[in-house]
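Provided below for reference: sequence and predicted model.
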Amino acid sequence: MSLMDNLLGILRVRVKRGVNLAVRDVSSSDPYVVLKLGRQKLKTKVVKKNVNPQWEEDLTFTVTDPNLPLNLVVYDHDFFSKDDKMGDAEIDLKPYIEALRMELSGLPDGTIISTFHPNRSNCLAEESYIRWSNERIVQSFCLRLRNVERGEIELELQWIDLPGSKGL
């Protein structure tokens, strides 16, 4: 059985920026983000001496199991010691996958398909919207980092169908 037999599609995660991240060096941090989906692990570039970094970086994952969460950990890059953890978050992809399965098309740009509110069971810092944008379904997040004194990460999900894949 090949990867294409189980492949549902590609998830593009745009890591936009960090907001008010924790200081882990003398007066700042050198943050980067590690995203993990199942056994796949990708990371952003390091932004030196910045607790409000701008990444605007796209990371892409192959999706074979729509039930797996997307895990995120922020680290402070250190040259002479182990990188310091600066918080983590988790995203449940199931609501986004369910919206994709609705097979919507031709909606006015900016149409909100679903809204999710921050609560104790998610990492949302503010409302998250699944919306129609540029002929695609996207979801934007502002995530409050856990296991750290402060910090938020903004990112956006976008789905890419692959010809020859199993699809949703």
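That came through, no problem. Numbering: from 1, shown residues only.

and the helices in the protein?
In the chain, the segments counted as helices under DSSP state H are 3-6, 94-100.

which of these comes out lowest on mean pLDDT?
Lowest mean pLDDT within the helices of the chain: helix 3-6, at a mean of 66.

from residue 153, how far off is residue 90?
12 Å (Cβ to Cβ, to the nearest Å). C-betas here are computed from N, CA, C, even on glycine.

kindly report the same for residue 60.
Distance, residue 60 to residue 153, using Cβ to Cβ: 18 Å.

same thing with residue 116?
According to Cβ to Cβ, residue 116 stands 16 Å off from residue 153.

neighbour count winner among the two?
The residue with more neighbours, out of residue 116 and residue 153, is residue 153; 27 against 16, by other Cβ atoms under 10 Å.

tell me the contacts of that one?
Neighbouring residues of residue 153 by Cβ atoms under 8 Å, 6 or more residues apart in numbering: 15, 17, 18, 19, 33, 72, 74, 89, 141, 142, 143, 145.

and those residues, which is closest to residue 39?
residue 72 (15.8 Å; Cβ to Cβ).

for residue 163, see how far away that closest one is.
Note on residue 72: its distance to residue 163, by Cβ to Cβ, is 29 Å.

tell me which of the two has more neighbours.
Using other Cβ under 10 Å as the criterion, residue 72 and residue 163 rank with residue 72 on top: 23 against 6.

below-threshold pLDDT in this protein: ranges please.
The model of the chain has pLDDT under 70 over residues 1-5, 165, 167.

how about the strands in it?
Assigned by DSSP state E, the strands in the chain fall at 9-19, 31-37, 40-43, 54-63, 70-76, 84-91, 112-116, 128-133, 136-144, 152-160.

got the ones you listed as a markdown table, with distance to residue 98 columns?
Output for these, formatted as a markdown table (distance: least, Cβ to Cβ, whole Å):
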| stretch | distance to residue 98 |
| --- | --- |
| strand 9-19 | 14 |
| strand 31-37 | 17 |
| strand 40-43 | 22 |
| strand 54-63 | 14 |
| strand 70-76 | 15 |
| strand 84-91 | 14 |
| strand 112-116 | 8 |
| strand 128-133 | 9 |
| strand 136-144 | 10 |
| strand 152-160 | 12 |
